[in-house]
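> Model the structure of this input:
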Amino acid sequence: MKHRTPIKGHARASFVRKGRGSAAALLALVVFGALGVWPAKAQNAKEASAANRPPRKVIVGTVVQGFWEEYPGLDKRLEQLGVIVDRMAEESKRKYGRGLDLAILPEEVVTGESSDDMVRTSAAFEGPVREAFARKARELGCYIVVPMNLLEDQQKKICSNVAILVGRKGEVVGTYRKLHLAVPVGSDVMEGGLTPGKEVPVFQCDFGKLGIQICFDMEYDYGWDRLALEGAELVAWPSQQPGTSGPAARALRHRYYIVSSTWRNNASVFEPTGKIVAQVKPPEQVLVQEIDLSYAILPWSKLLRNGDALSEKYGDKVGFHYYDDDDLGIFWSNDPSTTIGQMVHSLGLDEQEEELERIRQLYRKTGVPDN
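Numbering: from 1, shown residues only. Predicted coordinates:
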């Protein structure tokens with residue numbers, strides 16, 4: 001039987017279980033270890049947990065839209081993108097009653113696809129591009145992830161596939177240069193001669209820590225691992241190719257949210273559970289979703305009762321998605337005065353990482369590998 005509770009317009013899925021012993025919960029936790037999905041952040045689960053922070057609601061906007069038509073020129077493209085961000089902001093107000101926090105646009109969208117003459121088809125950020133997005137960010141009071149092929153040095157022919165983060169006041173927060181450039185079959189030229197990046201920055205936003213990866217970065221662990229080690233809580237993934245299994249695995253492995261923005265098939269929001277919490281597919285284009293960066297992931301237990309125990313005690317002050325097919329749920333607080341960690345521990349419950357650490361201690365005593 002499906003059970004719903006109102007949580008800021010979200011429905012959470014919860015299914016009544018006929019009862020299982022603690023062995024099922026133990027088995028679920030052991031399976032996570034066997035799959036090698038211990039989150040990189042869980043060195044001291046209780047101290048590092050986002051659950052101990054007040055609620056941090058973030059409204060994220062994304063889009064799935066192809067731009068394979070003949071390039072209309074920079075001014076026209078900037079106008080097209082401004083309309084898309086406006087649509088995100090309008091949907092945010094309609095759905096949640098307040099403005100957008102973060103808009104994510106697809107890979108290379110400002111300048112169009114890579115070509116054989118990257119100097120000609122790349123563009124400077126300073127000038128019309130910066131002015132357009134700074135103005136839009138100030139107007140809407142949101143961050144914007146701006147992907148483009150950036151002309152960095154015309155004489156030396158240095159161009160990069162980048163995503164530039166513009167802040168709420170129109171300031172440039174920082175730039176991520178794509179590390180893993182795609183290489184066509186039978187070629188040794190990376191994306192028309194683009195220069196790969198070397199760093200994986202994490203950007204401090206007013207809502208939390210944001211990381212960025214771009215398209216083919218999905219195929220390599222390095223950037224995703226670095227973002228986790230640096231404490232990223234949300235990762236924007238502008239891309240031309242769509243993807244679901246890859247981002248789901250990255251989100252689960254590192255316990256951060258991932259939001260894709262793509263040219264085709266789907267744009268999606270992935271929870272730290274690895275589940276897709278929201279998705280848009282053509283002919284629809286724009287997706288807006290509220291997430292909470294202060295969350296707790298709880299495994300199945302008799303005390304939890306698929307989340308009903310928290311719901312009965314805290315009512316609409318707690319929100320969650322419970323997944324019976326994975327024996328776990330993600331939980332957050334809607335009460336600024338009470339963290340989700342306090343709610344969880346008030347019922348004698350532990351987060352999944354706390355449970356895993358407790359079990360690791362037992363393994364160590366018997367010599368069983370614990371990582």
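> CA only for contacts and neighbour counts going forward, please
OK.
> What is the burial count for the closest residue to I330 other than its chain neighbours?
Closest residue to I330 apart from its sequence neighbours, by CA to CA, 6 or more residues apart in numbering: I297 at 4.5 Å. I297 has 22 neighbouring residues, counting by other CA atoms under 10 Å.
> Quick check on I297: phi, psi?
Main-chain torsions, I297, degrees, to the nearest 10: phi -110, psi 120.
> For it, report the pLDDT, please.
Taken from the predicted model, the pLDDT recorded for I297 is 96.
> That one against F331, yeah?
Yes - in this structure, I297 sits in contact with F331. The criterion is CA atoms under 8 Å, and the distance is 6.3 Å.
> List phi and psi for S294.
phi -100, psi 90.
> Just list whatever residues bridge to the spatially closest residue to G167 that is not a sequence neighbour.
Nearest in space to G167, with sequence neighbours left out and distances taken as CA to CA, 6+ apart, is Y143 at 4.6 Å. Note on Y143: beta-bridge partners by DSSP bridges are L102.
> what about W68, neighbour count?
Counted with other CA under 10 Å, W68 comes out at 9.
> Quick one: residues contacting the residue nearest to I330.
Each residue near I297 by CA atoms under 8 Å, 6 or more residues apart in numbering is listed here: T273, L328, G329, I330, F331, E351, Q352.
> So which of these belong to strands?
Secondary-structure check on the contacts of I297 using DSSP state E: residues within strands are L328, G329, I330, F331.
> Highest neighbour count among the residues you listed?
Looking at the ones in strands among the contacts of I297 with neighbours defined as other CA under 10 Å, the largest count falls to F331 at 26 neighbours.
> Next up, the contacts around it.
Counting by CA under 8 Å, 6+ apart, F331 has contacts Y295, A296, I297, L298, V318, G319, F320, H321, I340.
> so where's the longest helix in this protein?
helix 74-96 (DSSP state H).
> Hmm, Q241 is touching C215, no?
Yes - at 6.6 Å, Q241 and C215 qualify as touching, with contact defined as CA under 8 Å.
> Looking at those two, which has the bigger crowd around it?
Neighbour comparison, Q241 and C215: the larger count goes to C215, with 22 against 16 (by other CA under 10 Å).
> Excluding chain neighbours, what is closest to the more buried one?
For C215, the nearest residue in space outside its immediate sequence neighbours is S239; the separation is 4.1 Å by CA to CA, 6+ apart.
> what pLDDT does that neighbour get?
S239 carries a pLDDT score of 97 in this model.
> List the contacts of it.
With CA under 8 Å, 6+ apart as the criterion, the residues that contact S239 are P106, E107, I214, C215, F216, S260, S261, T262, W263.
> could you dump those residues to a markdown table with secondary structure and pLDDT?
A markdown table is the format used below for the contacts of S239 (DSSP: H, G, I helix; E, B strand; the rest coil; pLDDT from 0 to 100):
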| residue | secondary structure | pLDDT |
| --- | --- | --- |
| P106 | coil | 98 |
| E107 | coil | 97 |
| I214 | coil | 98 |
| C215 | helix | 97 |
| F216 | helix | 96 |
| S260 | strand | 98 |
| S261 | strand | 98 |
| T262 | strand | 98 |
| W263 | coil | 97 |
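> List just the nearest of those residues to R305.
Of all the contacts of S239, the one sitting nearest R305 is S260; the distance, using CA to CA, is 32.5 Å.
> residues in contact with the spatially most central residue of the chain?
A centroid search over the chain (CA atoms, centre = their mean) returns I258, at 1.9 Å, as the residue closest to the centre. I258 makes contact with L234, V235, A236, W237, P247, A251, V269, F270, E271, according to CA under 8 Å, 6+ apart.
> Then it would be within a helix, right?
No - when the secondary structure is assigned by DSSP: H, G, I helix; E, B strand; the rest coil, I258 falls in strand instead of a helix.
> beta partners for it?
According to DSSP bridges, the partner residues bridging I258 are V235, F270.
> Now do A137: how many residues are near it, please.
24.
> That one contacts E131, correct?
No - A137 sits out of contact with E131 when judged by CA under 8 Å, with a separation of 10.0 Å.
> Check whether Y256 really touches E233, as I assumed.
Yes - using CA under 8 Å, Y256 is in contact with E233, at 4.8 Å.
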